[in-house]
Every structure is written in C-alpha cells, then in structure tokens.
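Engineer: Need the 3D shape of this:
(2 chains)
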Amino acid sequence: MIVRIMGEGQYRLADDVRERVNGLDNAVVAAVEANDEDAFHASFEEMLDVIRTEGEHLGDEEIETSDVIVPPADTSMAEATADFSGDGLIPG
Amino acid sequence: MAGMSGRMSTVIKAKISKLLDKAEDPAETLDYSYQKQLESLQNVKKGIADVVTAKKRLGMQAQKLEQSVVKLDTQARQALAAGNEDLARTALERKQLAQTELQSLDQQVAELQSQQDKLTESEKRLRTKIESFRTKKEVIKAQYSAAEAQVRISEAATGVGEEMADVGLAMQRAVDKTEDMRARADAVEELEAAGTFEDLTQLGSGQDDIDRELAALGTGGMVDDELSKLKAELGESSAPAPAELESGEGEAKP
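Structural biologist: Numbering: from 1, shown residues only, chains lettered A, B, ... in the order given. Next comes the predicted model:
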C-alpha cells in the first residue's frame, strides 16, 4: 500500500505495517470522537512516526498514486475531525 | 484509489480531476499535463519568493526594534540620572513593549524559515517528478500502441497531479501564515509610526492609545522591577540623588 503524508512525500507500507497503521488510524478516530486532544496528538504522531520509520520512502522520481492520504503533521484536532471519522483513513 | 477516504483524499481527488479534465482531446492530455506541471512549478517558486520577502521584512523590523530597545534603555538611565522618574518609567514601558514585539517577531521569522524549508523541499520533489514524467511519457509513447499509451500516461499524470495538489495545499498553508504575519508586521509598523519606540521628546501628559497598548500587555510589574534595579544601579554611582528628593518633603505648610 502506498501512503502519502501531506507535505512530506510517499511511503510504501508492507502488509504488517499497514495493519499497525490501521490500528493507530482507528485510535485517532476514537480520540477525535471522544474529543480527547492529548490522545489525538499521541496517536496521530505515532501513526506518522510508524509510516516514516517502517515505510519505504518513495524516490522523488517514482510516479505512483497513493492509496491513502494522511493530513499534514501540523494538523489540529479541529481540522482532523473531518479526516478521521467512521473507518478513518484506512478502511477496517 | 479505492481505499482512499477522509477529507484530504477528497480534496486531492478533486484537485487532480480538475487538473486532468481540462484537455478535451485525449491526444492532448499528455502535453497539456506537462504544461500544467510546469506552470504549477512556477507557482511554487513564486510562493517561496513571497515567503522569503515576508521573512526579510520581519527581519528588518526586528533589527529596528533591537536598536530601539538599546536606545530606550539608555534614555531610561539618562532620565533617572537627571531625576526624572516619570520619563524613565515611560522609557522602560516602551522598552518592554519593544521587547515583547521583538520576541514575537523572532518567533515568526523562525516559523517562516521552516515554511520556506518545507516548500523548497516540496518544490524539489515536484521538479524531479515532472522531469521523470517527461522522460516516462516519451518511453511510453515509443513502447505502446496509442490507446494503451494514453491509459498509462493518464496514470502517470494522475500521480504527478497528486504531488501538484499536495504542494499546492502546502503552499496555501504557507500563504495563510504569511498573511497573518503581514497583518502583525503592519501593526508593529503602525506602532513605530506613532513614535512608540522612538520619540520620547513628544511625551507629555496626553498619553493615549500607547498607554492602552501597554496596559493590555501587562508590563507594569516588570517595569517596576526594572525601575528599582536601575535606581539601585544609579544609586551606587550617584549617592546625592536620594538626598535631594528627600529635601523636597521638608517644606513646611503655611
């Protein structure tokens, strides 16, 4: 699966990493629904961190369409409510 | 893009389709896409230039404020040495205001610098992708039938379109921040124009919006502290001053 973090570039995620990111995606949704800002920042930052460190960064010359688009790192909780609802970014 | 959900994905998809739908003749899509990509790159460069300009302006204001801080500090000392405590207090109040503004300016300059760095990175990424697209479309044209080539080039154009949309949104965020700071810079310039940091000689009894500004910033306590410190410093070097002040109280009432 290819993931784009807005403003940072694209990453290719192996299936097991996809599962971890999906778990954190759901945690972000839960935090947003519970209106828990601390939990939101913690889960969102961990999610970005897993993508950055566990994913394989796509070279600038590679042209791929992303499967999932993650909002930028400086996203506020208010902005995030529109992104993280229902299933979150990744279905399931 | 089956799995994509969320607001960002919707925004990106909308932007991509806007970028790609304009070419009505499918044969033109390819050249049109490349043209659009180059335009988009120019826009990013312009955006970076705007951020740099805003940063320079704030930097120059910061320099001026630094000079004002030094100047007002000197004036406070001079005023106190001459026994004019009111004037010294006003100078210190203005110094506090200048310092507060200076801190916020420094912060903003740092923030703009980080925006500039990010945009420069994005510009580089987009430039590489566009160059890669240019090469790729020639290869595709040479290797595939016209119809197949069309499909593959469209896919590639969508990929570059995603990057363009990403950079476009990053630039929008940067421009919004720059606008906020421009408003702030205008406000500081107004204070300067009103002589807040410069012209102590104009001070009379009629203090106006500057006083309100100072009150809002709540610098009173800090000014008192600094005034006492300054008095202590001066007191050590010029002992006769307190004696003169005390002698004023000795006057008998008629």
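
Engineer: Next SSE downstream of the helix or strand where B:E123 lies?
Structural biologist: Following DSSP states H and E, one finds B:E123 within helix B:85-143. Later in the chain than helix B:85-143, the nearest helix or strand by DSSP H and E is helix B:146-193.

Engineer: and the helix holding B:E123, is it in reach of chain A?
Structural biologist: Yes: judged by CB under 8 Å from any CB of the partner chain, helix B:85-143 comes into contact with chain A through B:K118, B:S122, B:K124, B:R125, B:T128, B:K129, B:E131, B:S132, B:F133, B:K136. From N, CA and C alone the C-beta is placed, and that goes for glycine too.

Engineer: who in chain A is up against chain B?
Structural biologist: Taking CB under 8 Å from any CB as the criterion, chain A approaches chain B at residues A:1, A:4, A:6-7, A:9, A:60-72, A:74, A:82-84, A:86-91.

Engineer: ok, of the residues you listed, which come out buried?
Structural biologist: Taking 16 or more other CB atoms under 10 Å in any protein chain shown as the criterion, what is buried in these is A:1, A:4, A:6-7, A:9, A:60, A:63-72, A:83-84, A:88-90.

Engineer: which residues touch the closest residue in space to A:E61 that isn't next to it in sequence?
Structural biologist: The shortest distance from A:E61 to any non-neighbouring residue, by CB to CB, 6 or more residues apart in numbering or on different chains, is to B:S132 (4.1 Å). Contact partners of B:S132, counting by CB atoms under 8 Å, 6 or more residues apart in numbering or on different chains, are A:D60, A:E61, A:E62, A:I63.

Engineer: quick revisit: so for the helix holding B:E123, mean pLDDT?
Structural biologist: Per-residue pLDDT over helix B:85-143 has a mean of 90.

Engineer: What is the distance between it and the centre of its chain?
Structural biologist: Offset of helix B:85-143 from its chain centre (CA atoms, centre = their mean, to the nearest Å): 8 Å.

Engineer: do stretch B:79-96 as well
Structural biologist: The chain centroid and the centroid of stretch B:79-96 are separated by 31 Å under CA atoms, centre = their mean.

Engineer: Can you name the residues in contact with stretch B:171-180?
Structural biologist: For stretch B:171-180, contacts defined as CB under 8 Å, 6+ apart pick out A:7, A:72, A:74, B:43-44, B:47, B:50-51, B:54, B:111-112, B:115, B:118-119, B:122.
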